[in-house]
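# This is a predicted model, with the sequence first.
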Amino acid sequence: MNDTYATHRLPAYLGALLALLLGAIPLPHVLGLLRPDLLLLVVIWFALMSPRSTGLGYAFFWGLMLDAFSGMLLGQHALGFVLIGFLVHHFHLRMRMFPLLQQTVVVLILLWLYQFLMFWIDGVSGHPVNDWSRLIAGLGGALCWPLISGVFARFVQRH
């Protein structure tokens, strides 16, 4: 294994752990609607920028961690993370060439796809289905994408 792949693993796991913990902080209802899926954004960033060191196993692991941490149906978030991770991994060379604004639009579409999948799984599994206001979180995540992308780019360059 190349040394650059190994150096991306520590920031990938630390960033994901921090995103998981930040997602557990309670927020007021209005801010909770805008709460971005930070863990998914971290998975997207590392699948985009370092696909060899963080593959689908990384996405699956953090999806399972989110399932266990949030008390949701085991495998629900893992399935969503793997699907989004696969799409990003498949198109990572194209997406990396996009300007930041176009990347943000693609990330918004991926976040909405993820939210729709969670909405569908909730409906099929008999859990109470929220209204479509959960799509607002995708907007919050897309607005955070330039910040997250810049922070991780600097953090990974240093390590």
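Here it is on my side, so go on. Since we're looking at a predicted model, the values are computed, not measured.

# Using PDB, list the CA coordinates for the helix or strand harbouring Asp67.
Using DSSP states H and E, Asp67 maps to helix 56-70. The C-alpha atoms that make up helix 56-70 are tabulated as PDB, following Å, rounded to 0.1, in the frame of the first residue of the first chain:
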ATOM      1  CA  LEU A  56     -17.400   1.300   0.400                       C
ATOM      2  CA  GLY A  57     -16.400  -0.600   3.600                       C
ATOM      3  CA  TYR A  58     -15.600   2.800   5.100                       C
ATOM      4  CA  ALA A  59     -19.100   4.100   4.100                       C
ATOM      5  CA  PHE A  60     -20.700   0.900   5.400                       C
ATOM      6  CA  PHE A  61     -18.900   1.000   8.700                       C
ATOM      7  CA  TRP A  62     -19.900   4.600   9.400                       C
ATOM      8  CA  GLY A  63     -23.400   4.000   8.300                       C
ATOM      9  CA  LEU A  64     -23.700   1.100  10.800                       C
ATOM     10  CA  MET A  65     -22.200   3.400  13.500                       C
ATOM     11  CA  LEU A  66     -24.800   6.000  12.800                       C
ATOM     12  CA  ASP A  67     -27.600   3.300  12.900                       C
ATOM     13  CA  ALA A  68     -26.300   2.100  16.300                       C
ATOM     14  CA  PHE A  69     -25.700   5.600  17.600                       C
ATOM     15  CA  SER A  70     -29.100   6.900  16.600                       C
END
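
# So for that helix, mean pLDDT?
Across helix 56-70, pLDDT averages out at 92.

# Need the contact partners of that helix.
Helix 56-70 is contacted by residues 12, 16, 20, 23-24, 39, 42-43, 46-47, 72-82, 84-86, 89 when judged by CB atoms under 8 Å, 6 or more residues apart in numbering. C-betas here are computed from N, CA, C, even on glycine.

# Repeat that for stretch 146-155.
Residues from elsewhere that reach stretch 146-155 (CB under 8 Å, 6+ apart): 11, 15, 38, 41-42, 45-46, 49, 100, 103-104.

# how does it look with 7 Å?
Contacting residues not belonging to stretch 146-155 are listed as 11, 15, 41, 45, 100, 104 [CB atoms under 7 Å, 6 or more residues apart in numbering].
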